[in-house]
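1. predicted structure and sequence below. I'll ask about it afterward.
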Amino acid sequence: MLHPLFKKVFNILFIISIASSFSFAQNAKYLKVLGVSVEGNKSIESGTVIANFGLKIGDEIQIPGDKTLDAIKRLYSLNIFSNIELITEKEIADGAYLKIVVTEFPRIEKAIHEGNDGISNSKIEEKISFIRGQILKPQDAYKVRQRLLKLYEEDGYLNASIDIKYYEFGRADTNKNDISVYWRNQKNYSDEYEITYKKDESPNLLNKLQNRVVLKFDIKENDKVTVRKIVFTGNKKITSSDLKGSMNDTEEAKWWKFWASARLDKKKYEEDKKSIVKYYFRNGYRDADILSDSLVYSNNKKDVTIYINVVEGNQYRLRNITWEGNTIYPVAILNERLEFKKGDIYNYEKFEQNLRGNEKQSDVSALFLDNGYLTFQLHTDEQRVEGDSVDVNIKLEEKNQFKIGDVNILGNDKTKDKVIRRELYTIPGDFFNRALLFRSVQQLANLQYFNVEKLYGPQGIDYQLANDSTVSVAFRVEEKSSDYLNASVGYSGSYGVSGSVGVTLNNFAIDHPFTIGGGQILSFSWQFGVSTLYRTFTLGFTEPWLYNTPTMVGVEVFDTRQQYIYDLRQSGATLRAGRRLKFPDDYFYLQGFLRYQYNNVL
């Protein structure tokens, strides 16, 4: 229930509001649009403004009213104007002439920066993404400023400051071939910036520059922040020195560490906090965490002390490891891959790597994935018992064993399919093998015909399940030039003019000598000297896969003539042969050569 006084006030306000609405409705004035004009526009045509305004001659409007407000909103949505006013310029009877007064955002002529020393121009220019003639809104300049400050923060300049300055067209001096335009700081006319233009750059150049600005980012880097001390609290079982050692990039400044800067990089510091927790996990402290951390600045924010408060918890050891769902491999083999036994410290990082994927590919998952179990999965369940022990149950889902169906090669515009396929260890009809899949990529990288980053990237290998027993594999390559051309020339007082020319085609095709892609190697070199006669020719050819077998055969012929103290001629040939072996494994290679050389002193 409302208090009687409140009810009385409420009734009075309600009556006033009704009376005001009735009065507004009675005094509402509707006008017909007799004409629309535009004022203040510089880079946009008046017709374009009126068309987007949306009100036409003969429309009946109310000022202010919904139609006029919507019309102004439409103009603002163009993102061209910083201010828009609608004025009733002249009323005649029940009609009116309207004037739209606009203020355009300036367009940018050039974005410059000044004051950077610790960070290169190229890095700063990457963050400044303005195009000449682009509409410049204040928020655009602010966003760039924030990107630059973040760049400085990542590099340890936490005290950096950046001022945004706008320079407007001031004056222009015309020379014989150039026009020098002086832009003046909008807040300080004595601060000018000069830009020189060619006379023939644009017939209306000076008119265009009237509504443009030069944007300047005035940078004050100030000093980097140096880490003077790192203080850990809460650590009782792991020493502070060990925790500091677990941090990869954040370290204390020491007088004897003249090679280390000890600068604070906030981004790397955040990663180092994760490294501290991982270090605890590796040592069995599964409950460890960082409760809080703080940065305390001193010496005008040039120095900082880092305080990190940790909670350690118990150090856990493995008690029992049980397997569930394994029908293919016995527990002994699985435990051998896991490399943990009862009583070991529960190194969580190593445990997960040996279970799901390590660098040596000797993990439990690899055992299944290298034998066709492509959809294999595993799940772990931890049970903490007796305060500082852990029982781990590992449940396996082996599922189906897959064979390789289609093997496709994509992106090879020059290299023939057979040159690629003979290097692959992924063969149709074989069981899917993840290790051999990676080996195939390594073999393709060794050819040096393709972009290695693309090969090892996420798009380098693609495999899709064709059905419940077959998988299709695709290798996506990106061709690159693997040929070499060299030429040189020199002069010395003793030997006169000398030089060399050489070319090596690493992906030559002898059956199509004017194309490439056959995987053969053709090389030629010529060296010469003029004053003291010296010249040598070498021509070589190598077939790495003779008769489509992993047998290499190569021949090289040479001829050399030298006149210095005596006149010597050497001619001959070298025959090389090699083959990839299968014993003790297919990484071994046997190679030999036979050389014949004829020497003749003339």
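-> Arrived safely, thanks for sending.
2. tell me the buried residues in stretch 320-328?
-> I321, W323, N326 (16 or more other C-beta atoms under 10 Å). Glycine gets a C-beta too; all of them are placed from N, C-alpha and C.
3. same deal with stretch 486-506?
-> Residues of stretch 486-506 classed as buried: S498, T504, L505, N506 (neighbour count, 16+ other C-beta under 10 Å).
4. elements contacting the helix or strand where the last one lies?
-> The one in question is N506. Here N506, judged by DSSP states H and E, is contained in strand 496-508. Applying 3 or more C-beta pairs under 8 Å, 6 or more residues apart in numbering; DSSP states H and E, one finds that strand 496-508 contacts strand 484-492, strand 520-529.
5. low-confidence stretches in the protein?
-> 1-29, 258-260, 493-495, 531-532 (pLDDT under 70).
6. what's across from D173 in the sheet?
-> S180 (DSSP bridges).
7. what number of residues lie near it?
-> Neighbour count of D173, defined by other C-beta atoms under 10 Å: 11.
8. touching, it and I195? I think so.
-> No: D173 lies out of contact with I195 (C-beta atoms under 8 Å); the separation is 11.6 Å.
9. need the helices and strands packed on strand 496-508 in CSV (columns: distance to V144).
-> Formatted as CSV, the helices and strands packed on strand 496-508 follow (distance: least, C-beta to C-beta, whole Å):
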stretch, distance to V144
strand 484-492, 43
strand 520-529, 51
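10. out of the ones you listed, which is closest to D155?
-> Closest to D155 of those is strand 484-492 (C-beta to C-beta; 38.4 Å).
11. please list the outside residues in contact with the closest one.
-> V497, S498, G499, S500, V501, G502, V503, T504, N506 (C-beta atoms under 8 Å, 6 or more residues apart in numbering).
12. same thing but at 7 Å, please
-> Around strand 484-492, the neighbours that count as contacts under C-beta atoms under 7 Å, 6 or more residues apart in numbering are V497, S498, G499, S500, V501, G502, V503, T504.
13. could you measure from the fourth one over to T538?
-> So the one you mean is S500. S500 sits 11 Å away from T538, taking C-beta to C-beta, to the nearest Å as the criterion.
14. which residues do the two both contact?
-> What both S500 and T538 touch, as defined by C-beta under 7 Å, 6+ apart, is the set S525.
15. turn the buried residues of stretch 320-328 into TSV, columns for secondary structure.
-> Formatted as TSV, those follow (DSSP: H, G, I helix; E, B strand; the rest coil):
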residue	secondary structure
I321	strand
W323	strand
N326	coil
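16. which parts of the stretch 201-350 of the chain are helices?
-> 205-209, 240-245, 266-282, 331-338, 348-356 (DSSP state H, counting those that start in this stretch).
17. again, but for the stretch 451-600 of the chain
-> Counting by DSSP H, counting those that start in this stretch, the helices of the stretch 451-600 of the chain are 452-456.
18. so G47: helix, strand or coil?
-> Three-state call for G47 (three-state DSSP): helix.
19. ranges for the strands of the stretch 151-300 of the chain?
-> 161-174, 178-185, 188-198, 212-220, 226-233, 289-298 (DSSP state E, counting those that start in this stretch).
20. quick one: contacts of the strand holding N506?
-> By C-beta under 7 Å, 6+ apart, strand 496-508 touches 415, 448-449, 482-491, 516-532.
21. just stretch 574-587 next, same as before
-> So stretch 574-587 is contacted by 550-556, 588-595 (C-beta under 7 Å, 6+ apart).
22. show the end-to-end separation of it, please.
-> When the termini of stretch 574-587 are compared using C-alpha to C-alpha, to the nearest Å, they are 25 Å apart.
23. could you do stretch 253-265 as well?
-> 14 Å.
24. could you do stretch 387-404 as well?
-> Stretch 387-404: ends 49 Å apart by C-alpha to C-alpha.
25. swap in stretch 317-337?
-> Termini of stretch 317-337 sit 19 Å apart (C-alpha to C-alpha).
26. so what's the gap between the helix or strand encompassing T68 and the chain middle?
-> Using DSSP H and E, the element containing T68 is helix 66-76. Relative to the chain's own centre, helix 66-76 is displaced by 42 Å; criterion: C-alpha atoms, centre = their mean, to the nearest Å.
27. can you name the next helix or strand after that helix?
-> strand 81-92.
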